[in-house]
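Engineer: just coords:
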């Protein structure tokens, strides 16, 4: 290898070589990548250099280690979330929550863990729902798994000023608990006509790493802030987090 002062460090060259192989399909999802020892044999470098090369690819989310088996190219997520069509009433023939439909399309079983409670709205939630800080809201936590793998976690809030005393007051109980947000509010005569989503790609918090059973380093998350409105009135807001390697997001927009 060229060792001139303008040549990238050896670990960068090794990482670049392996990255190209992944991008060009020579190494595909699930394929084993060279170990530190194999890199040392292929390139005349130390284990420290080999480890730095693998860590660079790991930090980009391109590879992952499996204890006792080695390091592999990350598989492309089989789950797809398509927007905004998933919100359109005229194409909704299935009123189940989105994650159940997405699991079915991926040929996977879904297992949601969810629980709700009544709390007082903190400032951020109150701002998003256009209510006063301290107003009562239902707070629902979700942890969704597909085929035994944690794929998302979320927390949502709904003003009890709108839902108290109705059949949807508790999002996890009652005759309409199996419906999504739009379907549930339809049942009490509140027609949601707008949903706003703000996406943020970032590294996970320690709690997200733990709850979503993610690798300790290298994999970012897609964090989505959602707010549903009916004629401009916020009726529900939520924070949803997906490991970036377990879900694919597609946006198909009409051009008018």
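Structural biologist: Looks like it came in fine. Quick caveat, the model's predicted, so the values are computed rather than measured.

Engineer: for the nearest residue to residue 35 once chain neighbours are set aside, give me phi and psi.
Structural biologist: Distances taken as C-beta to C-beta, 6 or more residues apart in numbering place residue 70 nearest to residue 35, at 6.2 Å, with adjacent residues excluded. Glycine gets a C-beta too; all of them are placed from N, C-alpha and C. Dihedral pair for residue 70: phi 130, psi -160, per degrees, to the nearest 10.

Engineer: residue 182: helix or strand, and which one exactly?
Structural biologist: Residue 182 belongs to helix 181-186 when elements are defined using DSSP states H and E.

Engineer: which strands or helices does that helix pack on?
Structural biologist: Packed against helix 181-186 by the contact rule (3 or more C-beta pairs under 8 Å, 6 or more residues apart in numbering; DSSP states H and E) you find strand 221-230, strand 233-243.

Engineer: strands paired with the first one, and their directions?
Structural biologist: Note on strand 221-230: by DSSP bridges, its sheet partners are strand 194-202 (antiparallel), strand 233-243 (antiparallel).

Engineer: of all these, which lies closest to residue 133?
Structural biologist: With C-beta to C-beta as the measure, strand 233-243 is the member of the strands paired with strand 221-230 nearest residue 133 (14.2 Å).

Engineer: touching that closest one from outside, list them.
Structural biologist: Applying C-beta atoms under 8 Å, 6 or more residues apart in numbering, the contact partners of strand 233-243 are 125, 128-130, 150-159, 162, 181, 185, 190, 192, 204, 208, 212, 214, 219, 221-229.

Engineer: if we can go back for a sec, tabulate the helices and strands packed on helix 181-186 in JSON lines, adding columns for distance to residue 19 and mean pLDDT.
Structural biologist: Output for those, formatted as JSON lines (distance: least, C-beta to C-beta, whole Å; pLDDT from 0 to 100):
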{"stretch": "strand 221-230", "distance to residue 19": "22", "mean pLDDT": "96"}
{"stretch": "strand 233-243", "distance to residue 19": "21", "mean pLDDT": "96"}
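
Engineer: buried deepest among those strands, which one?
Structural biologist: Greatest average neighbour count among these goes to strand 233-243 (a mean of 21), per mean count of other C-beta atoms under 10 Å.

Engineer: following that strand in sequence, what is the next regular element?
Structural biologist: Using DSSP H and E, the helix or strand that directly follows strand 233-243 along the chain is strand 248-251.

Engineer: can you name every helix or strand that that next one contacts?
Structural biologist: By 3+ C-beta pairs under 8 Å, 6+ apart, strand 248-251 packs against strand 80-83.

Engineer: for the strand it packs on, give the mean pLDDT please.
Structural biologist: Averaged over strand 80-83, pLDDT sits at 70.

Engineer: excluding sequence neighbours, find me the nearest residue to residue 209.
Structural biologist: Ranked by C-beta to C-beta, 6+ apart and with sequence neighbours excluded, the top spatial neighbour of residue 209 is residue 216, at 6.3 Å.

Engineer: so the one you found sits right up against residue 208, yeah?
Structural biologist: No. If you go by C-beta atoms under 8 Å, residue 216 and residue 208 don't touch, sitting 11.6 Å apart.

Engineer: could you dump the strands paired with strand 221-230 to TSV with distance to residue 54?
Structural biologist: Listed next are the strands paired with strand 221-230 as TSV, based on distance: least, C-beta to C-beta, whole Å:
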stretch	distance to residue 54
strand 194-202	23
strand 233-243	20
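
Engineer: so which of those is nearest residue 115?
Structural biologist: Residue 115 lies closest to strand 233-243 among the strands paired with strand 221-230, at 14.8 Å (C-beta to C-beta).

Engineer: straight-line length of stretch 196-209, end to end?
Structural biologist: End-to-end distance for stretch 196-209: 26 Å, by C-alpha to C-alpha, to the nearest Å.
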